[in-house]
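Peer 1: How does the following fold in three dimensions:
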Amino acid sequence: MTVTLDLAFFQRFLDRATRVVVAEAARLTELDAAIGDADHGANLKRGFTSAADALAADPPATPGALLTAVGAHLTNTVGGASGPLYGTVLRRMGKILGEDPVVEPATLGRALAAAVASVRRLGDSAPGDKTMVDALQPAADAYAEALGGGDVTAALDAAAHAARAGAEATIPLRARRGRASYLGERSIGHQDPGATSSALLVTALYEATDPALCAVAPEAEAKAEAEAAAATGAEAERPAGRVGVVLVSHSREVAESTAALARALVGTGDPAPVAPAGGLPDGAIGTNAELVRRAVKDADRGAGVVVLCDMGSAVLTVRTLLAEKELEGTHIADAPFVEGAVAAVVTASAGGDLEAVLAATADARTYRKL
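Peer 2: Below is the predicted model:
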């Protein structure tokens, strides 16, 4: 059967992708709970299911416009890193597809390659880093190679197989990018959630070649949504005794807002204990040893405490308390205050031990922004 890459095809792709994301949301969240912040499935589900409603008022007229619009929507609605990354994939593809009402198979290949290149630049990632690139790069390469035979369906099938194999191949890898990298060796043995969801989307692109397959009965779809929602809504059990984090700043507001940011970025609703110790007791600028002692006590669950300091007297205050053996089991992290705090809280919330949390803060110190 000849496949036409028109607006109907790409609408089937997005419909199929949405249904698959809904059905697999719980599994994606479970994978993310092991090495991330346990919100990957829920975030993608929210973004994809809301895209159709967002575009209903002004339906795109071409495949390129459709992917661009959905990509922009995902960027704006999907939390965490998934929003900008998946938004980049679809927006970049949409730009390459342009305004043509029917896409040539070779153009789709260029769009896939451009999307992968954009994601690699955005995330500073490469194959083997245990990210979504480990599924997307093999998919783009397989599509280009298989398209030499002239059959776009066979090329998309090859891309889907390569993406799934790439996702599975992340299991033995140690993460070198993303939040999973905070866990170091503990990331080994877990399949990357981003690579897994990428493989689902590439597979949905192949499945869009079969209109009958994409015509899921409404009752079956509703059942899948209900089951996924129930599974996603169930709170995962967290082991007791996670590493605590203390944030020592000259400003009460800075310490408290940084703690709030780190908790929010965990995304599970159950972050590791984090206690701010900012300013002086009267709220003035400065640092206070007693506030640090209280914060360490509040954050200590028996697995150790990591302290992040902003500068100057905050560092000296904590070092003095450590030298006087007042803070048993407490370690100061040599890391930037905000980035280190987020790395520490996310890693501790994912179950990382003291060594893993300190390693995550060290990685935050060297994270490049240019």
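
Peer 1: from here on, contacts and neighbour counts on C-alpha atoms
Peer 2: OK.

Peer 1: So which residues make contact with stretch 77-93?
Peer 2: Stretch 77-93 has contacts (Cα atoms under 8 Å, 6 or more residues apart in numbering) with 40, 43-44, 46-47, 64, 67-76, 108, 111-112, 114-116, 118-119, 122-123, 194, 265.

Peer 1: Which of these fall within helices?
Peer 2: Counted as lying in helices by DSSP state H, out of the contacts of stretch 77-93, are 40, 43-44, 46-47, 64, 67-76, 108, 111-112, 114-116, 118-119, 122-123, 194, 265.

Peer 1: Now the buried members of the contacts of stretch 77-93.
Peer 2: 40, 43-44, 46-47, 64, 67-75, 108, 111-112, 114-116, 118-119, 123, 194, 265 (16 or more other Cα atoms under 10 Å).

Peer 1: so who does the closest residue in space to A142 that isn't next to it in sequence touch?
Peer 2: Leaving aside its chain neighbours, A142 sits nearest to A159 (5.1 Å; criterion: Cα to Cα, 6 or more residues apart in numbering). By Cα under 8 Å, 6+ apart, A159 lies in contact with 138-143, 202-203, 206.

Peer 1: possible to save the residues you listed as a markdown table with neighbour count and pLDDT?
Peer 2: Shown next, in a markdown table, are the contacts of A159 (neighbours: other Cα atoms under 10 Å; pLDDT from 0 to 100):
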| residue | neighbour count | pLDDT |
| --- | --- | --- |
| P138 | 23 | 97 |
| A139 | 32 | 97 |
| A140 | 27 | 97 |
| D141 | 17 | 97 |
| A142 | 21 | 97 |
| Y143 | 28 | 97 |
| V202 | 26 | 97 |
| T203 | 25 | 96 |
| Y206 | 22 | 96 |
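
Peer 1: now, which of the residues you listed sits nearest E324?
Peer 2: Nearest to E324 among the contacts of A159: P138, at 55.1 Å, using Cα to Cα.

Peer 1: so which helix or strand takes in the closest one?
Peer 2: According to DSSP states H and E, P138 maps onto helix 133-146.

Peer 1: pLDDT score for A224?
Peer 2: For A224, the model assigns a pLDDT of 50.

Peer 1: try the one 4 residues further on
Peer 2: As predicted, A228 sits at a pLDDT of 49.

Peer 1: do A204 as well
Peer 2: Here, the pLDDT recorded for A204 equals 95.

Peer 1: for the longest helix along the chain, packing partners?
Peer 2: If you go by DSSP H, the chain has its longest helix at helix 7-35. Contacts defined by 3 or more Cα pairs under 8 Å, 6 or more residues apart in numbering; DSSP states H and E place helix 7-35 against helix 40-56, helix 63-77, helix 193-207, helix 211-214, helix 218-233.

Peer 1: what's the offset of that helix from the middle of its chain?
Peer 2: The chain centroid and the centroid of helix 7-35 are separated by 14 Å, computed with Cα atoms, centre = their mean, to the nearest Å.

Peer 1: Show the average pLDDT along that helix.
Peer 2: Averaging pLDDT along helix 7-35 gives 92.

Peer 1: buried stuff in it?
Peer 2: Buried-residue list, helix 7-35, by 16+ other Cα under 10 Å: 7, 9-35.

Peer 1: now the residue lying closest to A344 once chain neighbours are set aside, what's its secondary structure?
Peer 2: Closest residue to A344 apart from its sequence neighbours, by Cα to Cα, 6+ apart: V357 at 5.2 Å. Of the three states, V357 takes helix under DSSP: H, G, I helix; E, B strand; the rest coil.
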